[in-house]
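> here is a sequence together with a model predicted from it:
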There are 2 protein chains.
Amino acid sequence: MAQVNSHFALDKAGPPLDPVPEKSKRFDLEARTPEAAIVTIADVARHAGVAASTVSYVLSGKRSISSETRDRVQDSVRALGYRPNASARALASNRSNVLALVIPLRAGMHVPVLMQFATAVVTTARRYDHDVLLLTADEGRSGLERVSQSALVDALVVMDVELHDERVPLLRELPMPSVLIGIPADTDGLSCIDLDFFAAAEQCVDHLTDLGHRSIALLGTPSAVYERQTGFAARTLAGFQAATARRGVVGIETPCEPAFDAVLDTVEDLLHDHPGITGLVVQNEPIIGPLLDVLRLLGRRVPEDMSLMAICADDVAERHVPNLSSVTLPADDIGQRAVEMLIAKLEGGQTEAVTLVPAQLVARASTSAAPGVHARTTA
Amino acid sequence: MAQVNSHFALDKAGPPLDPVPEKSKRFDLEARTPEAAIVTIADVARHAGVAASTVSYVLSGKRSISSETRDRVQDSVRALGYRPNASARALASNRSNVLALVIPLRAGMHVPVLMQFATAVVTTARRYDHDVLLLTADEGRSGLERVSQSALVDALVVMDVELHDERVPLLRELPMPSVLIGIPADTDGLSCIDLDFFAAAEQCVDHLTDLGHRSIALLGTPSAVYERQTGFAARTLAGFQAATARRGVVGIETPCEPAFDAVLDTVEDLLHDHPGITGLVVQNEPIIGPLLDVLRLLGRRVPEDMSLMAICADDVAERHVPNLSSVTLPADDIGQRAVEMLIAKLEGGQTEAVTLVPAQLVARASTSAAPGVHARTTA
DNA sequence: ATGAAAGCGCTAACAG
DNA sequence: CTGTTAGCGCTTTCAT
């Protein structure tokens, strides 16, 4: 399947590239956009022979307009290439139509997943005619205060929530709606949405236990994530502990750093201290590849000798060999719903709500009956 | 080093988590921000006993103010918790202090690198008192038109540039400055910055050739990236071809999809068709792990049997075993400089400029003399 | 169904 | 060094 030769599509496409592209003509101010004059609503009104307010109402649809004038106005809008000025609109209407997205760029966070959330947020926001302002989490409280008190944005989406997040009290007080992706310890007065990580861990444990595994380890996120008491990691850990206790099986938990050597050390120590382990639950996407390598290196076949459950996006689970049994992390869905909650709040509908997206387990090729146990149906 | 037990930091931190956090009190409008009334510049002026314009000038520093009144104004600002309204300021000054960042979310792009660019852009923008609006590349031309013509942003940073990018003509015409991260075929009238990928590929080839390798393959990005004629991939390919020709060694190029099976197929075919290959240049971060696995699987040791050069960020090169000889992709630096170019343009200084960041090769553990060749010094 | 007019909160001439 | 004033372009009463 893989083409091995030098016939890239590129090769068919014109002359070879210069190593350094040449640069010619000077910057020519006169040459660009001859009529760069800004088109205002007044220009449109004049062109259509109506009042400015009429143009405004045609555009917003906030009052009924005779189809005749509406057409005329719309023609003028097109003819003049009119675009409402965002600042003027925001100033007059007290709405910027911009959402802030607070994204973590901290130690231990897995970037592709974050990006999936971000993409869903941007895409959904655009569907509701909003744009997205990108804030990094290290701006902390002051960043939130800044963008909200200056009315730069209408609402906030906050990711990477810690159990006792310093931003939570602030969010309660800010004069604008917010939605957290992630669930803090005290959700009073807040709107939050996230995967039900507690249940996700429980389902992993139940699945493995049903398959006869009696000793199960949670290979978690890097320790920095736990130390910050990041909500999703803490809730997964709690669910894992609760489920292993409930099912009466041995549960061992350990964080893991995303580097081959760290994975090797962690797994070797784990298997040395607890040789009976036959089931692994992994909540740490970047270590999955190395982990599979390490298990191979140590002579443990997956799933014959070691069953593996992951908490990750479906495409990640299906990218590995063998395909991983997993609990899905539906980042698209969560990001989309977060924005929809926010839009609802902006429109005065919904107030607060804590939404736990149900965990859903998909059994693939990385889990099977524990060694020496006959296969049996999962409850 | 790896702690294998159940004593997470979390366990010391209070009572166990409920599976589902309870939610109590209702939304209480009265309870929040008792004096939510908005503080305007007029309020500050009154409080300080000066004119509104004086407050404005104190804040902007655009004219000299007696230290006495300045202090008084600043006290009032603090006392009242005043924050300038962003829309009003933008409307009056014709500056939103927001940059647009167009980020690709297309097939084949490696997310962590993108995020590194994005982070650098946001961080640097904040240093210059700007915020960043996130646009996805699939909004295409219309997205750029929308945010610029509505004056939502002052300037644009555009990533993921194709050689014949449809947005380039538009950027030339838009009434606001832009900087491309990536270099199109025709850079006339544009400001661009990127790593010198042509030279990066050349250096890889030179390094391997100096080590005695006579047959070298480029394992490139997924084919979709070439088909779009994405600038960085095309330039790397061109550099690779130029350098292998110049050095009189065999050069083979192939795209590669980021999945284990695809890597296996590609490498097997490659080695089958060109058994003499002893040097590999990889421009495809996500396949590096799988590639190392595949080589091991096929019994080729790195670097004894096969030398490996990567074009990637340093931390990636150092995360693998063996550490990879690489040409650095300095995303932070490029992102930062892109913003600085933009700020310079906004301040009327610099106009256009094409900046090729010099490629820099770091030899690590994945390259060595070709089999049967005695080590010799690299030119 | 449409117009007229009053701001939204700020900046930047223009006057001292 | 400071105050006065005229907008920036739009939305939204208030009229009709």
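In hand now; what should we look at?

> need the contact list for A:A313.
A:V113, A:Q116, A:E285, A:T328, A:L329, A:P330, A:A331 (C-beta atoms under 8 Å, 6 or more residues apart in numbering or on different chains). The way it works is simple: take the backbone N, C-alpha and C, and place the C-beta from them, glycine included.

> how about a cut-off of 10 Å?
A:H110, A:P112, A:V113, A:Q116, A:E285, A:R319, A:S326, A:T328, A:L329, A:P330, A:A331, A:D332 (C-beta atoms under 10 Å, 6 or more residues apart in numbering or on different chains).

> low-confidence ranges in the stretch 251-379 of chain A?
In the predicted model, the stretch 251-379 of chain A carries pLDDT under 70 at residues A:374-379.

> so the residue of the stretch 151-300 of chain A found nearest DNA strand C is in which element?
Taking C-beta to the nearest atom of the strand, DNA strand C has its nearest neighbour within the stretch 151-300 of chain A at A:A151, 7.8 Å off. If you go by DSSP states H and E, A:A151 is not part of any helix or strand.

> you'd agree it is up against A:L91?
Yes: A:A151 lies in contact with A:L91 (C-beta atoms under 10 Å); the separation is 8.8 Å.

> where do the contact lists of the two overlap?
Residues touching both A:A151 and A:L91 (C-beta under 10 Å, 6+ apart): B:N85, B:A86, B:S87, B:A88.

> just the pLDDT for A:F8.
Among the per-residue scores, A:F8 shows a pLDDT of 53.

> what ranges does chain A have for its helices?
Using DSSP state H, the helices of chain A run over A:41-48, A:52-60, A:67-80, A:86-93, A:111-127, A:140-149, A:167-173, A:197-210, A:223-227, A:231-247, A:260-273, A:288-297, A:314-317, A:331-346.

> could those go into a markdown table alongside distance to DNA strand C and mean neighbour count?
Output for those, formatted as a markdown table (distance: least, C-beta to the nearest atom of the strand, whole Å; neighbours: other C-beta atoms under 10 Å in any protein chain shown):
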| stretch | distance to DNA strand C | mean neighbour count |
| --- | --- | --- |
| helix A:41-48 | 7 | 18 |
| helix A:52-60 | 3 | 18 |
| helix A:67-80 | 4 | 15 |
| helix A:86-93 | 4 | 19 |
| helix A:111-127 | 24 | 21 |
| helix A:140-149 | 10 | 18 |
| helix A:167-173 | 19 | 18 |
| helix A:197-210 | 42 | 24 |
| helix A:223-227 | 39 | 19 |
| helix A:231-247 | 36 | 22 |
| helix A:260-273 | 50 | 18 |
| helix A:288-297 | 50 | 20 |
| helix A:314-317 | 46 | 17 |
| helix A:331-346 | 18 | 21 |
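
> got a markdown table for those, with distance to B:M341 too?
Formatted as a markdown table, those follow (distance: least, C-beta to C-beta, whole Å):
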| stretch | distance to B:M341 |
| --- | --- |
| helix A:41-48 | 34 |
| helix A:52-60 | 36 |
| helix A:67-80 | 33 |
| helix A:86-93 | 24 |
| helix A:111-127 | 25 |
| helix A:140-149 | 24 |
| helix A:167-173 | 33 |
| helix A:197-210 | 43 |
| helix A:223-227 | 34 |
| helix A:231-247 | 38 |
| helix A:260-273 | 38 |
| helix A:288-297 | 37 |
| helix A:314-317 | 36 |
| helix A:331-346 | 32 |
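
> would TSV of these with distance to DNA strand D be doable?
Below are the helices of chain A laid out as TSV (distance: least, C-beta to the nearest atom of the strand, whole Å):
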stretch	distance to DNA strand D
helix A:41-48	3
helix A:52-60	3
helix A:67-80	10
helix A:86-93	3
helix A:111-127	18
helix A:140-149	19
helix A:167-173	25
helix A:197-210	41
helix A:223-227	43
helix A:231-247	37
helix A:260-273	55
helix A:288-297	49
helix A:314-317	41
helix A:331-346	13
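
> indicate which one of those helices is closest to B:A363.
Among the helices of chain A, the nearest to B:A363 by C-beta to C-beta is helix A:260-273 (20.5 Å).

> tell me how far the closest one is from the chain's mean position?
Centre-to-centre, helix A:260-273 and its host chain are 30 Å apart (C-alpha atoms, centre = their mean, to the nearest Å).

> residue nearest the centroid of chain A?
A:F117 (1.7 Å; C-alpha atoms, centre = their mean).

> how about the contacts made by it?
So A:F117 contacts A:101, A:103, A:157, A:159-160, A:181, A:329, A:331-332, A:334-336, A:338 (C-beta under 10 Å, 6+ apart).

> how about A:A120?
Shown in contact with A:A120 (C-beta under 10 Å, 6+ apart): A:I181, A:P330, A:A331, A:D332, A:D333, A:I334, A:G335, A:Q336, A:R337, A:A338, A:V339.

> which non-adjacent residue is nearest the second one?
Nearest residue to A:P330, sequence neighbours excluded (C-beta to C-beta, 6 or more residues apart in numbering or on different chains): A:V357, at 6.4 Å.

> likewise the fourth one?
Computed as C-beta to C-beta, 6+ apart, the closest residue to A:D332 that is not its neighbour in sequence is A:A120, at 4.5 Å.

> do you know how far that neighbour is from chain B?
10 Å (C-beta to the nearest C-beta, to the nearest Å).

> returning to what we had before: looking at the contacts of A:A313, which one is closest to A:D75?
Nearest to A:D75 among these, with distances taken as C-beta to C-beta, is A:D332, at 39.1 Å.

> now for the residue with the largest distance to the centre of chain A: which residues touch it?
In chain A, the greatest distance from the average C-alpha position (C-alpha atoms, centre = their mean) is reached by A:G49, at 47.9 Å. By C-beta under 10 Å, 6+ apart, the contact set of A:G49 is A:T69, A:R72, A:V73, A:S76.

> for the residues you listed, which one is nearest chain B?
Using C-beta to the nearest C-beta, the shortest approach to chain B within the contacts of A:G49 belongs to A:S76, at 16.2 Å.

> distance of the closest one relative to B:L163?
For A:S76, the distance to B:L163 equals 39 Å [C-beta to C-beta, to the nearest Å].

> do the same with A:A185
Counting by C-beta to C-beta, the gap from A:A185 to B:L163 is 52 Å.

> cool, and A:D43?
Distance, A:D43 to B:L163, by C-beta to C-beta: 38 Å.
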